[in-house]
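Asks: fold the following, please.
(3 chains)
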Amino acid sequence: MASKQLFDPDPIVRKYAAQLYEQVEPLPLISPHGHVSPALFADENYRFGSPAELLVIPDHYVTRMLYSAGLKLEELGVPTRDGSAVEQDQRSIWQRFAEHFFLFRGTPSGLWIQNELRTVFRIEEKLTGESAQRIYEQIEARIQSPEFSPRGLYAQFNLEVLCTTDAATDPLAEHQKILASGWQGRIVPTFRPDAVLDLNRTDWHSEIRKLSEVSGIAVKDFASYIAALEDRRAFFKRLGATATDHGVLSADTTPLSPAEAGRIFDRALTNKLLKGDVERFAAHMLYEMARMSSEDGLVMQLHVGSYRNHNRDLFDRFGPDIGADIPVRAEFTRALQPLLNAFGNHPNLTLVVFTLDESAYARELAPLAGHYPSVKVGPPWWFHDSPKGIARYLDQVIETAGVYNTAGFNDDTRAFLSIPARHEVWRRAICNWVAGLLARKIIDEVDASAMAAALAYGQAKQTYKL
Amino acid sequence: MASKQLFDPDPIVRKYAAQLYEQVEPLPLISPHGHVSPALFADENYRFGSPAELLVIPDHYVTRMLYSAGLKLEELGVPTRDGSAVEQDQRSIWQRFAEHFFLFRGTPSGLWIQNELRTVFRIEEKLTGESAQRIYEQIEARIQSPEFSPRGLYAQFNLEVLCTTDAATDPLAEHQKILASGWQGRIVPTFRPDAVLDLNRTDWHSEIRKLSEVSGIAVKDFASYIAALEDRRAFFKRLGATATDHGVLSADTTPLSPAEAGRIFDRALTNKLLKGDVERFAAHMLYEMARMSSEDGLVMQLHVGSYRNHNRDLFDRFGPDIGADIPVRAEFTRALQPLLNAFGNHPNLTLVVFTLDESAYARELAPLAGHYPSVKVGPPWWFHDSPKGIARYLDQVIETAGVYNTAGFNDDTRAFLSIPARHEVWRRAICNWVAGLLARKIIDEVDASAMAAALAYGQAKQTYKL
Amino acid sequence: MASKQLFDPDPIVRKYAAQLYEQVEPLPLISPHGHVSPALFADENYRFGSPAELLVIPDHYVTRMLYSAGLKLEELGVPTRDGSAVEQDQRSIWQRFAEHFFLFRGTPSGLWIQNELRTVFRIEEKLTGESAQRIYEQIEARIQSPEFSPRGLYAQFNLEVLCTTDAATDPLAEHQKILASGWQGRIVPTFRPDAVLDLNRTDWHSEIRKLSEVSGIAVKDFASYIAALEDRRAFFKRLGATATDHGVLSADTTPLSPAEAGRIFDRALTNKLLKGDVERFAAHMLYEMARMSSEDGLVMQLHVGSYRNHNRDLFDRFGPDIGADIPVRAEFTRALQPLLNAFGNHPNLTLVVFTLDESAYARELAPLAGHYPSVKVGPPWWFHDSPKGIARYLDQVIETAGVYNTAGFNDDTRAFLSIPARHEVWRRAICNWVAGLLARKIIDEVDASAMAAALAYGQAKQTYKL
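Replies: Residues are numbered from 1 along each chain as shown, chains lettered A, B, ... in the order given. Okay, the predicted model is just below:
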C-alpha cells in the first residue's frame, strides 16, 4: 500500500498521520472477532485452494457486487444447495472476476484486494481482464510456496491473537488440536449460540439435539436448556474463549417470567409456536445471556439489524451468506434498557454493541457507552468498515463516548489473507482522523499518540480481555 | 461560474478536480428525469415571460424561502385557486425577490440562480435590492433576443436528451407535435400514473374517466383498469418513453390477491373505501408496475417519502407545489422485499430508487443496489441536490454500491433555464469527490476518469436506456 | 485557546476563518437558553465553592464519563438522595478527576474545560494526576480573588443578556431582586412549565398546588389550569421573559377537544389516569402552548427526544440529571403538523425546535424551517454542541433552511464559567464552516461576513426578541 494512502492531502494532516501511523504500524494485530476457520491452523500443512477459491467464490462481498452487475452466481462457481452444476473452471471464474474488477472502484473490497495482492502476493500489476491470467499464475505459484501456510502467515501478519466464531454446539475439536499441538499461535473460540437461541431457524431442533449431546445435559425444558447453555459457556471458557457473540434483528431485551419463558420453550419443542413467541424469546435470551456474562465474565457482543437472506430465490438455490443480507433500522435506547437496568452497572459485564444503522452512532450508542460502565461501541461493521465509514464512525462516536468507550477494531472477516489489509485500512484511517484533531489543535501530540495506540491495539485487547 | 467553484481548496485535490472537470465538462447533458413542459419545444417560436415569471413565481424552491421569511405568496404573484387578486406588477415582484436574495446565501438555489444569471444571461453583477431593476432589464432584453428560444437553448445547453414527466392520461400531443416537426432535439415522455393509482386524490374519478377515454378501454373493474394502464404504457413507449415514475409516501410493495385488489378498486369506484384501502392498493400497484416493467422494459422510478401539501391553509388557497412538501422517514429493506422477491432478479427490470431520508443511503439503498441486478440508487433528490448533499450521497452510497449501481444525475427541474447550472454543480461536485479519492491514493487516474465520466454521463444514459 | 484552534489546516480556509473570527469575536454574547442559576447574580457578593464543586460534582457531562470508566458517583462527591455518605474531600475528588482527564481527549467537555482553565483561570499547564493539586490551588486562589464574582465575570465575558430556565411555579424572587438592585446586567427568566404539564411526574400534584398558590387561581379543572398557566406566562413576561421552553419525549401536537382535555385533567387530579392519557395530554398541551405563544408572543422552544433517567438504579440513588439521559429517535413532520396548521402561519409565533436525532436535521427540520415563517431550527443540542456536531448541523441545515431560519447559538449550560468557552467553540466552528464556502467560491466575502455575524450574534438576538 502506497505510504500515504488514505491520508488527507493537506500537508499538515498528512505529516501528523504518517507520524502516528509509524507508531501504530508495528503493533501486533488483535483480531477479537471474525470468521476465519480454525481448520486453517489445526493442520500445520494446510494449503489454500485456487486463486478463485481463495479470493472470489467464498467472498460474498465480491460475489454480491458481481451479481448486482448481472453475472450469475453459477458463473462464479458458487456451489448450489442441490448440487446442480456451476462453473468449475477456476481460470474462467478468475477471468470473469478480473474483467469486472472495475466495479470495485472506490469500494473497500477493491482496496483490500489490491492491498492483498500487493502485500501478500507481491503483485504490483493492476487486475484487469488483460492481466487476469498472469496474475492468476503468480498467485498460484505463491500459494504453493512452502512459506505460504496459515501458521506461517499468522506469524508474518504479526498476529497476537485471532478469535474465531463458533456454534454453541461445536465440540471445538480444531481448537483443541491447536492447543495440543504446542504451536505458539493463539486461536481463541467465541461462543455464538444463535442457532440454539433463534426459534425461527429451520435447524433449531437438530441444534437442540446437538446441544444435549455435547453438553451431556438432556435438554427437555427451559431449565435444562439454560443449564446446557451454561455448561457450554464454561466449556468454551476452558478452551480460552473470552467472549460470546449474538446476531439479532432487534436489540429488544425485555425479559420474560421463568414461567413464560418455559411455556414458549415448550411450544418450540412441540412445534406449536404462537405469533410473537420467536421475538419475545429472542429478547429474553439476550437478557439471560447478559445475566450469564455478568456471572462468567465472557464479553457479550451484540450485532444488531441485519435482515438475513433478503433474496429468497437465491437463498433457496444457494443458501445463506451469499451477499443478500440487507440492514434495517435499529433502536437501542429503549430496547437495551431492561438488560442495562439489570446488569448495566455490573462490574463483570462488558457489552459490545454493533450497528448497521449509522444514525444510531451519535444518537444512541455513544450516549449509552458514555454513561454505562459495561457498554462499549463496537467498531464500524460490515459495509461501514471502509475509509469513509470509519471516518463517520469516529466523527459520530468519539466526541460523546471518547476513545476509551470504544472496542477498538474487529476485522470480522472469513478471508484470512485479508486480515492485514483490513487492519491497515483501519489503522491508516484512525491515524488520519486523529491527525485531523491534532492539526486543528483540539488535542496535543501526547493525546494523539495515546488515542491512535488505543484505537489500533489497546482498546481491542482490553475490551475483549485478551 | 468561477473556474474552481466547489472544488476543495487543497491544491492537490483542486488540481485533480479541475483535470477531471475538464474531461466531463464537454460531455452532452442527459436529463432523464425532470418537469420541464414539452410545450416549450412544440412551438418553435415559444417565448418566455417576464423575469419574475421566469425565475420567481413558478419556482417553489424560491417562493418557499421567501415565504419562510414572512413574505406573502400574494406579494410574489403566486396565483390563487379562487382567482383572488395577487401582485401583478412584475418589477415589484422582482424587487422583493432581489431584496431578499440574501436569504439564499449558501443554498443551492442561490448557487443555481447566480450561475444562471451569469451563464445564461451574461450578468456578472450581484443581485441585490439596489441592482434589481438593472438586472431585470438585462434579463428582459435577453429573453426577447431571437436566439433565446427553448429550441435554441436546447442546442446551446448541449442537451442530448430531455425527459419530461407526463400523466398517464396525457395524450402527449406536444410530444407528437415535436416528433412531427422534424426538429433534431430529443424530448422523451415519462409515464407517471400517480393520479390514477392514488385512490386518495380528489381527482381520481375524473382521471379514471380520462383513462378510459385516452385508452379506449372502458375502465369498469380492476381487470379493465390494468388493461388500460398497459395500453397507456405501450402508447408512451411508442412515443419514445423509456421510463415510468412513481411518487409515493411509503415504499411498501406488498401485493394483494387479484380478488382483494378488485374489491378495493370497486370500493374506490363507488366511493366506499375502507380504512387502509388506499395504502394497500398503493402498495399493490407498485408491485403491478414492477411486473409490467419487467415485461415492457420501462425503467421504474420510485420517489419515496415526500409528505405533500403539509400547510393546509396555503394548499387551500394556492394549491399544490408551493414549497410545502416536507420529507418523512422512509423504509426500503422490508418494504421493497415483495417486489424484489418477485421481479428483482429479472433481467428486464430496472428500479431506480430515490429517497429524501438520507439515513437510508448507506443503510438500505446502497446494500440493495449492491446486490440486486435490477436496483440502482437514484441521485440525491430535491433538497439534497446541493454541494454538501451530493457529497453526503457519494460518501454514503459509493463504498457499498460502487459507481455502477447508481443512476447518474437527474436535474429534476421545472425550470428549463436552470438545467446547465444544476448539471454543472453535479459535475463539479462529483469531480471534486473523485479527486479526493485520487489524492488519497484509493484509486488511480484511470479509475478516476472512468468514475467521473460514468457519474456525469454514462450511468444516466445506460440506466435509462437513452 | 490557541489562535487557530478548530480551523481547517488548509491555509486558504484557515486564513478566511481567522478573518471572520476576528470580526465576530468582539460581538457581545447572547445567551438565550441555559440553566445558570439566577442566584449567582442576585447577591452581588456571591462566591463560588471549591474547584471540585465548580468543575466536577455538578457537571453531569463530566461525571457521566467518569462513571462510564468505572468510577462511582460516590467517589466523585455526587450527593445521594437519602443523604448516605459520599466523598467529602474536595482535593481527592479533584485528584480522581485529573487522573481520568485523559478520558475526555477529543471530546467537547475536554475542550471546554481546557479553554476554561486557560482563559478564566489563566492556567496553561495540562491537567493530569501529576499536576492536579497545583492546578487545584491555582483555581482556589483565583476563586477567592475579589474580581471573581458572577457579576464581575458577566461583564468580563462580554455578556449582553443571559436567559435562565425557570419552573412555571417559580416566584422569580431572584430575578426580582436583580431587577431591583439596579445592576446593569440583564438576567431574563424563561417559562418552563414541564413540571405542571407532564402528568407522569411524581411531583405533578405538588406542582399543581404551587401553581394555584403563585397564580392565585385555584386550579380545580382544565379551565382554571389554563387560566393559571396564562397568568404565569403574563407574570414571566412582566419580568422580562421573551420565551418559553418545553422538554418532551415526543413532538406530537395533536389537540384534544376541550371536553377530552378536561376529562384527562380530572383523571390526573384524582389519580385515575388511563393508558395513553399522559401522551395525549402532553400533545394537547404543546398545541395549547403554541396557541398562547401566538397570542402573547413568547418564543416557544421545543426540546424533543431525551429519554430521561435511563439508569433506574442511579436515578433511585442520586436523582435526575446525573448523565443518564439518552436520546431516542424523533419525528417532526407529522407530529408538528397539527400545531403548524393551526398557528404555523401566525406572525406572532416563533417556534424553535431542537433535536438529538441528527437524521431529522436535513430530512425534517430544515425543510419545515425553510417553509413556515414561524419555525426556526435550534442550534445543535447537548451531545451535538461540539466541533464535529456543529459542522454536521451546518452541513445538514443551511443548504435547505439558509442561515436566517436558524436560531443562532444557545450555550445551554448550568456551568456559568463555561459560557465563554462554549461560545468560542461555536464561533470558531461557524467561521471555519463559512470560510469553507468562501474558499470554494460558493459565497463571496460580503456574504461570508454577514453569515458569520448572523450565526454568532444576530439570529439569536432576533429569534428570541432580545
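Asks: contacts, neighbours, all on C-alpha from now
Replies: Noted.
Asks: show me which residues of the stretch 351-466 of chain A sit near chain C.
Replies: A:359, A:363-364, A:367-374, A:395-396, A:398-405, A:437, A:439-443, A:447, A:451 (CA under 8 Å from any CA of the partner chain).
Asks: of those, list those near chain B.
Replies: Filtering those for proximity to chain B by CA under 8 Å from any CA leaves A:Ser359.
Asks: count the neighbours of A:Pro258 for me.
Replies: A:Pro258 has 11 neighbours, counted by other CA atoms under 10 Å in any protein chain shown.
Asks: strands of the stretch 301-450 of chain A, start to end?
Replies: A:306-307, A:326-327, A:351-355, A:375-377 (DSSP state E, counting those that start in this stretch).
Asks: so which strand or helix has the residue located most distally from the centre of chain A?
Replies: Distance to the chain centre peaks in chain A at A:Ala259, reaching 35.0 Å (criterion: CA atoms, centre = their mean). A:Ala259 is part of helix A:258-269 when elements are defined by DSSP states H and E.
Asks: contact partners of that helix?
Replies: Residues outside helix A:258-269 that contact it (CA atoms under 8 Å, 6 or more residues apart in numbering or on different chains) are A:Leu199, A:His205, A:Asp221, A:Phe222, A:Ala223, A:Leu273, A:Leu274, A:Asp277, A:Phe281, A:His284.
Asks: buried stuff in it?
Replies: By neighbour count with 16 or more other CA atoms under 10 Å in any protein chain shown, helix A:258-269 contains the buried residues A:Glu260, A:Ala261, A:Gly262, A:Arg263, A:Ile264, A:Phe265, A:Asp266, A:Ala268, A:Leu269.
Asks: next: stretch A:292-312.
Replies: Counting neighbours by 16+ other CA under 10 Å, stretch A:292-312 gives A:292-294, A:296-312 as buried.
Asks: can you tell me if that stretch touches chain C.
Replies: No - interface with chain C: stretch A:292-312 contributes nothing (CA under 8 Å from any CA), its closest point being 14.9 Å away.
Asks: for the stretch 1-150 of chain A, which segments are assigned as helices?
Replies: Assigned by DSSP state H, counting those that start in this stretch, the helices in the stretch 1-150 of chain A fall at A:11-24, A:39-42, A:51-55, A:60-68, A:90-99, A:108-119, A:132-144, A:150-156.
Asks: thinking again about what came up before, near chain B, from the buried residues of stretch A:292-312?
Replies: Within these, those near chain B by CA under 8 Å from any CA are A:Tyr307, A:His310, A:Asn311, A:Arg312.
Asks: verify the contact between the second one and A:Ile322 for me.
Replies: No - the pair A:His310 and A:Ile322 fails to qualify as a contact (CA atoms under 8 Å) at a distance of 10.2 Å.
Asks: how long is stretch A:123-134 end to end?
Replies: For stretch A:123-134, the first-to-last residue distance is 10 Å (CA to CA, to the nearest Å).
Asks: quick one: pLDDT of A:Ser145?
Replies: The model reports A:Ser145 with a pLDDT of 88.
Asks: with the one 3 residues further on instead?
Replies: Looking at A:Phe148, its pLDDT reads 91.
Asks: that older thread, looking at the residues of the stretch 351-466 of chain A next to chain C, which are in helices?
Replies: A:359, A:367-369, A:395-396, A:398-401, A:437, A:439, A:447, A:451 (DSSP state H).
Asks: what's the closest of these to chain C?
Replies: A:Glu399 (4.2 Å; CA to the nearest CA).
Asks: contacting residues around that closest one?
Replies: Contacts of A:Glu399 (CA under 8 Å, 6+ apart): C:Gly106, C:Thr107, C:Pro108, C:Phe383, C:Ser386, C:Lys388.
Asks: cutoff 10 Å now
Replies: By CA atoms under 10 Å, 6 or more residues apart in numbering or on different chains, A:Glu399 lies in contact with A:362, A:366-367, A:370, C:104-110, C:383-389.
Asks: can you check A:Ile57 too?
Replies: Each residue near A:Ile57 by CA under 10 Å, 6+ apart is listed here: A:Pro51, A:Thr63, A:Leu73, A:Leu76, A:Gly77, A:Val78, A:Pro79, A:Gln90, A:Ile93, A:Trp94, A:Phe97, A:Ile322.
Asks: any idea how many residues pack against the closest residue to the fifth one other than its chain neighbours?
Replies: Think A:Gly77. Of all residues not flanking A:Gly77 in the chain, A:Glu87 sits nearest, at 4.7 Å (CA to CA, 6 or more residues apart in numbering or on different chains). A:Glu87: 14 surrounding residues under other CA under 10 Å.
Asks: now A:Asp395
Replies: Neighbour count for A:Asp395, taken as other CA under 10 Å: 18.
Asks: distance of it relative to A:Ser3?
Replies: Distance, A:Asp395 to A:Ser3, using CA to CA: 24 Å.
Asks: quick check: neighbours shared by A:His310 and A:Ile322?
Replies: B:His371.
Asks: sorry, back to before: would CSV of the contacts of helix A:258-269 with pLDDT be doable?
Replies: Listed next are the contacts of helix A:258-269 as CSV, based on pLDDT from 0 to 100:
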residue, pLDDT
A:Leu199, 97
A:His205, 98
A:Asp221, 98
A:Phe222, 98
A:Ala223, 98
A:Leu273, 97
A:Leu274, 98
A:Asp277, 98
A:Phe281, 98
A:His284, 98
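Asks: among those, which are in helices?
Replies: A:His205, A:Phe222, A:Ala223, A:Asp277, A:Phe281, A:His284.
Asks: name the nearest of those residues relative to chain B.
Replies: A:Asp277 (20.4 Å).
Asks: ok, the residue lying closest to that closest one once chain neighbours are set aside to A:Arg232 distance?
Replies: The shortest distance from A:Asp277 to any non-neighbouring residue, by CA to CA, 6+ apart, is to A:Ile264 (6.3 Å). According to CA to CA, A:Ile264 stands 22 Å off from A:Arg232.
Asks: quick one on the thing from earlier: any idea which of the strands of the stretch 301-450 of chain A is most buried?
Replies: Each of the strands of the stretch 301-450 of chain A was scored by mean neighbour count; the highest is strand A:375-377, a mean of 28, by mean count of other CA atoms under 10 Å in any protein chain shown.
Asks: close to chain B, is that one?
Replies: No - remark: strand A:375-377 sits outside contact range of chain B, by CA under 10 Å from any CA of the partner chain, the gap being at least 17.9 Å.
Asks: average pLDDT across that strand?
Replies: Here the average pLDDT along strand A:375-377 is 98.
Asks: so which elements touch that strand?
Replies: If you count contacts as 3 or more CA pairs under 10 Å, 6 or more residues apart in numbering or on different chains; DSSP states H and E, strand A:375-377 packs onto strand A:299-304, strand A:351-355, helix A:366-369, helix A:387-401, helix A:459-463.
Asks: let me have these in TSV, extended by mean pLDDT.
Replies: Shown next, in TSV, are these (pLDDT from 0 to 100):
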stretch	mean pLDDT
strand A:299-304	98
strand A:351-355	98
helix A:366-369	98
helix A:387-401	98
helix A:459-463	98
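Asks: which of these sits closest to B:Gln184?
Replies: With respect to B:Gln184, and counting by CA to CA, the nearest of the helices and strands packed on strand A:375-377 is helix A:387-401 at 44.1 Å.
Asks: pick out the residue nearest the middle of chain A.
Replies: Central residue of chain A (CA atoms, centre = their mean): A:Asp412, at 2.4 Å.
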